[in-house]
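heads up, no residue letters with this:
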């Protein structure tokens, strides 16, 4: 059942929208606009278990994320931004908070 | 370029993008394999589940479900809820994956959050075959996860190293790819809608139930913006 549910959500759009007929205008529009929104959802999704009201109040996450954004806008080297942010986060979590 | 050369070129282009996923997946895979064996399941369980289900958060939920009485309807509904965001990925990648021919079957089957985000936001160099690039990302990510699960299940109790906070590597990946997407696009209506709409839903509905409301908010927002955006000429 878990396999079925997973496969259904992944294949459904491809299955419903036949490749023989041209894709409906509305779906085309969604195809162009959705990626950015889905990435936004994914960012929030990865922060979903951060608690602002208790523990460290999400401060390590906030600082590390700010570092990732700053590094990336500065150097625009994907691996550097990710490694830098992650190492900083681990240091914050293990030594500071 | 010969077909073989094209494949290798695509692999060279794809691999650097998957390094953060390698780190994150091996770490999470080990955690999963370890967790499941610690819960008393035979080492083959996590391996088989990873090979077939291949949906990170769902696999952790599976541990709980396998311990309860079997209730297929509830299991199916829960899976659909947790994985519903893949409907979005499907619509977003519809045209791109379709252009990949027969490769699309594995592309669709193996589309995790991380694979989607790379295939969606990465700037693929113009001399690289897009179909092969996306296939390599998908295959590599799939292998990383399997490797992690096997390692975790086999080791049972690994040497204790302090990996606290390492899973942030995937958060950082999403943030970086969000910025890449942001820098690529002309207007940011959709990105902001996704970010703020989801945040709002997370605050209102809580972490276990915010995904479906977020998707509805995003769909409604995009539908409402369609007319004004078309007038402004900001989208096709």
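Nice, thanks for sending it over. Note that the structure is predicted; figures quoted are calculated from it, not measured.

mind listing what's buried in the host helix or strand of residue B:139?
For residue B:139, the host element (DSSP states H and E) is helix B:130-155. By 16 or more other C-beta atoms under 10 Å in any protein chain shown, the buried positions in helix B:130-155 come out as B:131-142, B:144-150, B:152-153. (Each C-beta comes from the backbone N, C-alpha and C, glycine too.)

which is the next helix or strand following that helix?
Under the assignment DSSP H and E, the closest C-terminal helix or strand after helix B:130-155 is helix B:168-184.

that next one close to chain A?
Yes - where contact is defined by C-beta under 8 Å from any C-beta of the partner chain, part of helix B:168-184 touches chain A, namely B:168-182.

could you look up the SS state of residue A:54?
For residue A:54, the assignment made with DSSP: H, G, I helix; E, B strand; the rest coil gives coil.

likewise the one 10 residues further on?
Following three-state DSSP, we place residue A:64 in the helix state.

now do the contacts for the nearest residue to it once chain neighbours are set aside.
In space, and not counting its chain neighbours, residue A:64 is closest to residue A:89: 3.7 Å by C-beta to C-beta, 6 or more residues apart in numbering or on different chains. Residue A:89 sits next to A:60-61, A:63-64, B:165, B:168, B:172 when contact means C-beta atoms under 8 Å, 6 or more residues apart in numbering or on different chains.

what ranges does chain A have for its helices?
All helices of chain A, identified by DSSP state H, fall at A:2-16, A:25-46, A:59-75, A:78-91.

where does the chain dip in pLDDT?
The chain I'm using is chain A. A:1-23 (pLDDT under 70).

try chain B instead
B:1, B:35, B:38-40, B:43, B:53, B:55-75, B:77-84, B:156-163, B:231-236.

just give the number of residues close to residue A:25.
10 (other C-beta atoms under 10 Å in any protein chain shown).

could you check how far it is from chain B?
From residue A:25 across to chain B, the span is 9 Å (C-beta to the nearest C-beta, to the nearest Å).

any chance you could map the helices in chain B?
Going by DSSP H, chain B shows helices at B:3-38, B:44-52, B:56-67, B:72-83, B:85-98, B:104-109, B:113-121, B:130-155, B:168-184, B:189-205, B:211-232.

ranking these by burial, who's on top?
Scoring these by mean neighbour count under mean count of other C-beta atoms under 10 Å in any protein chain shown gives helix B:113-121 as the most buried, with a mean of 24.

hmm, it in reach of chain A?
Yes - for a cut-off given as C-beta under 8 Å from any C-beta, helix B:113-121 has contacts with chain A, namely B:113, B:116-117, B:120-121.

residue B:48: which of those residues is nearest?
Nearest to residue B:48 among the residues of helix B:113-121 next to chain A: residue B:113, at 21.7 Å, using C-beta to C-beta.

correct me, but the closest one touches residue A:42?
Yes - between residue B:113 and residue A:42 there is a contact under C-beta atoms under 8 Å: 5.9 Å.

tell me, what's touching the two both at once?
Joint contacts of residue B:113 and residue A:42 (C-beta under 8 Å, 6+ apart) are B:85, B:174.

compile the helices of chain B into JSON lines and extend it with columns for distance to residue A:37.
Below are the helices of chain B laid out as JSON lines (distance: least, C-beta to C-beta, whole Å):
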{"stretch": "helix B:3-38", "distance to residue A:37": "21"}
{"stretch": "helix B:44-52", "distance to residue A:37": "29"}
{"stretch": "helix B:56-67", "distance to residue A:37": "20"}
{"stretch": "helix B:72-83", "distance to residue A:37": "18"}
{"stretch": "helix B:85-98", "distance to residue A:37": "8"}
{"stretch": "helix B:104-109", "distance to residue A:37": "20"}
{"stretch": "helix B:113-121", "distance to residue A:37": "11"}
{"stretch": "helix B:130-155", "distance to residue A:37": "20"}
{"stretch": "helix B:168-184", "distance to residue A:37": "10"}
{"stretch": "helix B:189-205", "distance to residue A:37": "3"}
{"stretch": "helix B:211-232", "distance to residue A:37": "5"}
